[in-house]
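Q: predicted model and sequence follow; I will ask about them next.
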Amino acid sequence: MTADPCLANREPASSSVLAAPFAPLLLQRSDGQVLVLDGSQTAIMAVLNLTPDSFSDGGKHNEPLRALQKAEQLVSDGAALLDVGAESTRPGARLLSVEEEWQRLCPVVTELARLSLPAVLSVDTRHAEIARRVLDHGFRLLNLAFPQHLFSSELDDPSAAALGRTQRQELLSGFDAVVVMHSRGTPDTMRELTDYEGDLCQTVESELSLTARMLTDDCHSLSERIVYDPGLGFAKTATQSLTLLSQTGRLRRSLRRPILIGASRKSMWGALTGRPASDRLIPSVMGAAFAASLGADIVRVHDVTETQQALLVARALSDGGPPS
């Protein structure tokens with residue numbers, strides 16, 4: 001695995017906000033180079049939905065050739081990570097079986113590795129079997145929707161059982177990093193689970209830490225490879241999601257791991273502006289830039305070009321000039 005000097009030798013950010021409270025996290029890109037998350041800049045993760053029913057862009061990329069072309073475009077636009085998902089987890093969405101999800105993913109993931117894109121390939125799934133299959137196709141990041149699913153078959157079809165300890169350890173060891181997202185319940189029930197007693201941020205931190213401990217008990221080496229996602233919109237009201245976004249820096253300092261923020265086109269912006277998902281570009285981009293200013297290591301977005309421009313401008317304003 002050869003490090004890309006353009007990524008590995010970046011100068012630390014001048015702002016103390018971005019000082020990393022953890023050792024650099026190395027993620028292998030599809031082209032064999034390395035993406036380094038060390039707090040010196042915020043990486044853009046592009047969303048590639050292969051779903052007909054995603055809340056934002058369902059049906060746009062579920063034809064394999066179109067999806068592959070979109071993947072190339074997203075990376076060309078500036079995405080450092082490409083997050084591929086085939087099951088909608090929006091509230092009320094129909095959950096898929098492993099085979100239904102794989103039927104959507106297979107034609108795309110099997111070809112993505114051959115493109116050798118200069119980006120880290122990530123899979124957004126709740127199924128351990130899907131995670132296992134994409135490992136063979138160059139995927140190095142596991143974006144684990146509903147991570148508690150690895151310990152319970154609550155979200156799966158009745159014939160599937162939760163993974164045993166040895167199986168979990170083998171699976172998690174295969175990825176360079178695992179995103180642990182905060183969530184409660186299922187897509188059907190999470191809207192009813194927004195009662196957080198006491199300090200919201202502290203409760204989310206505690207529940208994320210508990211999930212992480214369960215995972216690292218099975219795979220001790222994973223403790224240095226976790227990325228946390230506060231799960232904006234997942235068992236959160238719009239107000240709670242906005243509060244957590246504003247606490248990005250606190251989450252990062254408390255959890256002492258990289259933080260991923262996924263605020264793109266979410267319902268919190270609809271509640272705030274009254275605009276539909278298709279018309280939330282401005283708040284989404286502003287949210288990403290705000291998260292980056294607070295130290296987010298990754299922002300997960302649909303609109304890569306606009307987000308990259310916003311991050312560039314925000315960084316220049318923070319540093320008092322353009323990058324040298």
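A: Good, I have the coordinates.

Q: just the C-alphas of the helix or strand that residue 44 is a member of, formatted as CSV.
A: Using DSSP states H and E, residue 44 falls within strand 43-49. Output of strand 43-49 as CSV, limited to C-alpha atoms (Å, rounded to 0.1, in the frame of the first residue of the first chain):
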residue,chain,number,x,y,z
ALA,A,43,-12.5,14.8,3.4
ILE,A,44,-15.6,14.6,1.2
MET,A,45,-17.6,11.4,1.1
ALA,A,46,-19.9,11.2,-1.9
VAL,A,47,-23.2,9.4,-1.7
LEU,A,48,-23.9,6.9,-4.5
ASN,A,49,-27.4,5.5,-4.0
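
Q: so residue 260, which state does it fall into?
A: strand (DSSP: H, G, I helix; E, B strand; the rest coil).

Q: also residue 312?
A: Following three-state DSSP, the label given to residue 312 is helix.

Q: for it, give me its contacts.
A: By C-beta atoms under 8 Å, 6 or more residues apart in numbering, the contact list for residue 312 reads residue 323. In short, each C-beta sits where N, CA and C put it, glycine included.

Q: neighbours around residue 164, how many?
A: Per other C-beta atoms under 10 Å, the neighbour tally for residue 164 reads 10.

Q: in the helix or strand just after the strand holding residue 44, which residues are buried?
A: Downstream of strand 43-49, the next assigned helix or strand under DSSP H and E is helix 64-77. By 16 or more other C-beta atoms under 10 Å, the buried positions in helix 64-77 come out as 64, 67-68, 70-71, 74-75.

Q: tell me which of those is nearest to residue 242?
A: residue 74 (26.6 Å; C-beta to C-beta).

Q: the closest one contacts residue 49, correct?
A: No - assessed by C-beta atoms under 8 Å, residue 74 is found out of contact with residue 49, at 11.5 Å.

Q: in JSON lines: the buried residues of helix 64-77, plus distance to residue 268 and pLDDT.
A: What follows is the buried residues of helix 64-77, written out as JSON lines (distance: C-beta to C-beta, whole Å; pLDDT from 0 to 100):
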{"residue": "64", "distance to residue 268": "32", "pLDDT": "88"}
{"residue": "67", "distance to residue 268": "27", "pLDDT": "92"}
{"residue": "68", "distance to residue 268": "31", "pLDDT": "95"}
{"residue": "70", "distance to residue 268": "25", "pLDDT": "95"}
{"residue": "71", "distance to residue 268": "27", "pLDDT": "96"}
{"residue": "74", "distance to residue 268": "23", "pLDDT": "97"}
{"residue": "75", "distance to residue 268": "27", "pLDDT": "98"}
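
Q: now do the helices in the stretch 101-250 of the chain.
A: 128-135, 165-173, 200-218, 238-246, 248-255 (DSSP state H, counting those that start in this stretch).

Q: in the chain, where is pLDDT below threshold?
A: Filtered on pLDDT under 70, the chain yields the residue ranges 1-19, 53-62, 92-93, 149, 151-163, 324.

Q: can you count the residues close to the nearest residue to residue 299 once chain neighbours are set aside?
A: Leaving aside its chain neighbours, residue 299 sits nearest to residue 288 (4.2 Å; criterion: C-beta to C-beta, 6 or more residues apart in numbering). Applying other C-beta under 10 Å, we find 28 other residues in the vicinity of residue 288.

Q: same thing with residue 133?
A: The number of residues packed near residue 133 is 20, by other C-beta under 10 Å.
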